[in-house]
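In: Below are the sequence and a predicted model for it; my questions follow.
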Amino acid sequence: MRTDSSPGNLPAREHLPAGSAGTPVLDVVIPVYNEEKDLQPCVMRLHEHLKRTFPYEFRITVADNASTDTTPQVAARLDAEIPEVRSFRLEQKGRGRALRTVWSASDAPILAYMDVDLSTDLNALLPLVAPLISGHSDLAIGSRLARSSRVVRGAKREFISRTYNLILRGSLQARFTDAQCGFKAIRRDVAQVLLPLVEDTGWFFDTEMLVLAERAGLRIHEVPVDWVDDPDSTVHIVKTATDDLKGVWRVGRALATGSLPLDRLARPFGDDPRDRELTDVPKGLARQLVGFCVVGALSTLFYLLLYSGFRTFSGSQVANALALLVSAVANTAANRRLTFGVRGRGGAVRHQAQGLVVFGIGLALTSGSLAALNAATTNPGHSTELAVLIAANLAATVLRFLLFRAWVFPDRRDEPASPVGTVRNPASPTYSTTAPQQYPGQPPYQGQPPYQGQQQYQGHQQYEQFRTEQFHTDQFRAGEAADRTYGDATMQLEAVRPYDDDPNPRNAR
């Protein structure tokens with residue numbers, strides 16, 4: 001399926017309306033593990049800052065990652081004393097597990113998180129979430145590596161951070177500058193579709209989420225931050241780095257094989273109704289031309305090398321046919337994936353068969369050129385043959401692009417959507433799309449009917465009790481929820497309007 005032309009399941013972004021008092025727009029999650037000393041000062045400082053500067057209603061959620069000290073008691077006390085604070089207990093460790101579980105259950109349209117040490121200056125919080133509230137961006141991250149950022153940390157952590165981000169740029173082609181800064185936000189409608197694709201439950205959770213969002217074409221806003229390193233950090237650098245490298249390999253392999261249904265995250269172009277009324281206008285032509293030219297240049301070089309090699313032991317016609325055949329198969333595969341954005345193995349054989357037909361046309365052009373050259377000159381030089389073949393291949397290339405675009409990889413926007421039950425990669429349970437399921441303990445998305453035959457997680461009643469009791473830690477234990485295998489994220493989402501049709505007035509605290 002083509003990412004650039006698929007209508008996806010995300011609507012155009014809209015500015016969140018100012019809501020009634022008591023309804024949270026922002027839910028800031030603070031994942032903690034054995035932070036009995038720092039938790040209360042952190043929450044008090046964050047609460048005071050939001051009360052003073054944030055123009056919308058907010059909530060602060062403390063996500064306890066199976067702490068063994070008195071952190072749960074501190075969180076419960078803050079929950080009881082401060083109306084905007086709630087506590088959440090997980091029985092298993094993992095920052096990614098905590099974020100995915102709490103974000104999945106939250107009713108706030110903007111979801112954020114920050115580290116408990118508050119290393120990032122809180123003055124960056126409003127600039128972080130403002131593009132999400134306005135509808136300009138889908139995710140927002142704080143960056144310690146931006147030019148205007150001011151950072152205080154040791155040389156060791158500076159080297160590790162910059163090296164890690166260079167690895168991401170080189171291996172996963174990431175364009176965001178800082179994957180590890182504990183200061184991020186996401187729109188809830190995006191999280192509902194994106195989080196089921198994120199497999200990691202630890203420190204690599206952030207990176208995987210950002211890479212998938214970027215590859216899907218979602219907009220990531222970066223905010224330069226002032227950041228002071230916490231010398232008492234309990235992060236195990238070696239283990240974290242090893243896990244991150246394993247995650248880079250796993251995500252890179254999934255992207256290379258096309259097993260991720262990233263087209264389901266596509267947004268329409270702009271939010272102006274006139275953009276949707278345009279008809280018969282080709283989409284993605286400029287990008288496809290650039291991709292086709294790059295692939296074509298590499299294919300031509302590959303073809304010439306093959307021709308020169310085959311020419312050492314065969315005639316010009318045989319060498320041309322063999323070189324063109326091998327390069328045509330490689331060219332079709334490269335254009336299928338890189339130029340026209342077709343992922344997965346579905347239709348690959350048919351595409352190659354159609355590509356061979358296009359190859360036959362190119363063979364006729366190049367063979368005819370060689371025949372004409374041999375008819376005009378009894379013993380043409382090797383350089384002359386190459387020049388004639390290059391000219392013939394240029395003509396064949398133009399025809400090949402037109403045939404690829406109109407016949408082999410046509411625009412499928414007007415065709416019915418593929419069935420939800422399509423399995424893209426059975427070997428990867430997290431990325432499989434066999435059956436739509438809800439998040440752990442989450443009821444169907446408001447405003448949409450539940451799927452037919454949808455399996456409800458057995459903790460649904462716990463979820464309702466959890467919502468009713470306002471995140472009290474003694475009512476819900478979700479440590480195992482984050483480890484469940486998520487199904488397909490396909491759902492028809494509406495623009496986030498968090499204040500309409502909420503049947504439970506106790507959601508607002």
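Out: On my side now, so go ahead.
In: separation between the most far-flung residue of the chain relative to its centre and Tyr164?
Out: Relative to the centre of the chain, the most outlying C-alpha is that of Thr378, 59.0 Å out, by CA atoms, centre = their mean. From Thr378 over to Tyr164 the distance is 63 Å, taken as CB to CB, to the nearest Å. Yep, even glycine has a C-beta here, placed from its N, CA and C like the rest.
In: pLDDT-wise, which helix or strand of this structure ranks last?
Out: The least trusted helix or strand in the chain, going by mean pLDDT, DSSP states H and E, turns out to be helix 460-468, with a mean of 43.
In: Kindly confirm my reading that the residue farthest from the centre of the chain forms part of a strand.
Out: No - checked against DSSP: H, G, I helix; E, B strand; the rest coil, Thr378 lies outside a strand; its state is coil.
In: Verify the stated contact: Thr339 with Gly296.
Out: No - with contact defined as CB atoms under 8 Å, Thr339 does not count as touching Gly296 (9.3 Å).
In: As a check, name the ranges of all strands in the stretch 151-300 of the chain.
Out: Taking DSSP state E, counting those that start in this stretch as the criterion, the stretch 151-300 of the chain contains strands spanning 183-187, 220-224, 226-228.
In: hey, which of these is tucked in deepest?
Out: Among those, strand 183-187 has the highest mean neighbour count (mean count of other CB atoms under 10 Å), at a mean of 26.
In: Just checking: what are the partner strands of it?
Out: The sheet places strand 183-187 alongside strand 110-114 (antiparallel), strand 139-143 (antiparallel), with pairing taken from DSSP bridges.
In: Contacts for the following helix or strand past the first one next, please.
Out: The first helix or strand that comes after strand 110-114 along the chain, using DSSP states H and E, is helix 125-134. Identification of contacts with helix 125-134 by CB atoms under 8 Å, 6 or more residues apart in numbering yields 15-16, 25-26, 28, 49-50, 53-54, 56, 110, 112, 114, 137-142, 183-187, 221, 223.
In: next one: stretch 368-378
Out: The set of residues external to stretch 368-378 that reach it, using CB under 8 Å, 6+ apart, is Ser316, Gln317, Asn320, Pro380, Thr384, Glu385, Val388, Leu389, Ala391, Ala392.
In: Please spell out which residues along stretch 69-81 are buried.
Out: Residues Thr71, Pro72, Val74, Ala75, Ala76, Leu78, Asp79 are the ones in stretch 69-81 that count as buried (16 or more other CB atoms under 10 Å).
In: Okay, the fifth one and Leu39: tell me how far apart.
Out: By that I understand Ala76. Between Ala76 and Leu39 the distance, using CB to CB, works out to 11 Å.
In: And the third one, by the same measure?
Out: As defined by CB to CB, Val74 lies at a distance of 5 Å from Leu39.
In: same check, this time on the fourth one
Out: Ala75 sits 7 Å away from Leu39, going by CB to CB.
In: Please identify every residue contacting each of the two.
Out: Between them, Ala75 and Leu39 share these contacting residues under CB under 8 Å, 6+ apart: Val32, Val62.
In: got a list of what the closest residue to Val294 other than its chain neighbours touches?
Out: Spatial nearest neighbour of Val294, excluding adjacent residues (CB to CB, 6 or more residues apart in numbering): Leu338 at 7.8 Å. Leu338 sits next to Gly291, Val294, Val295 when contact means CB under 8 Å, 6+ apart.
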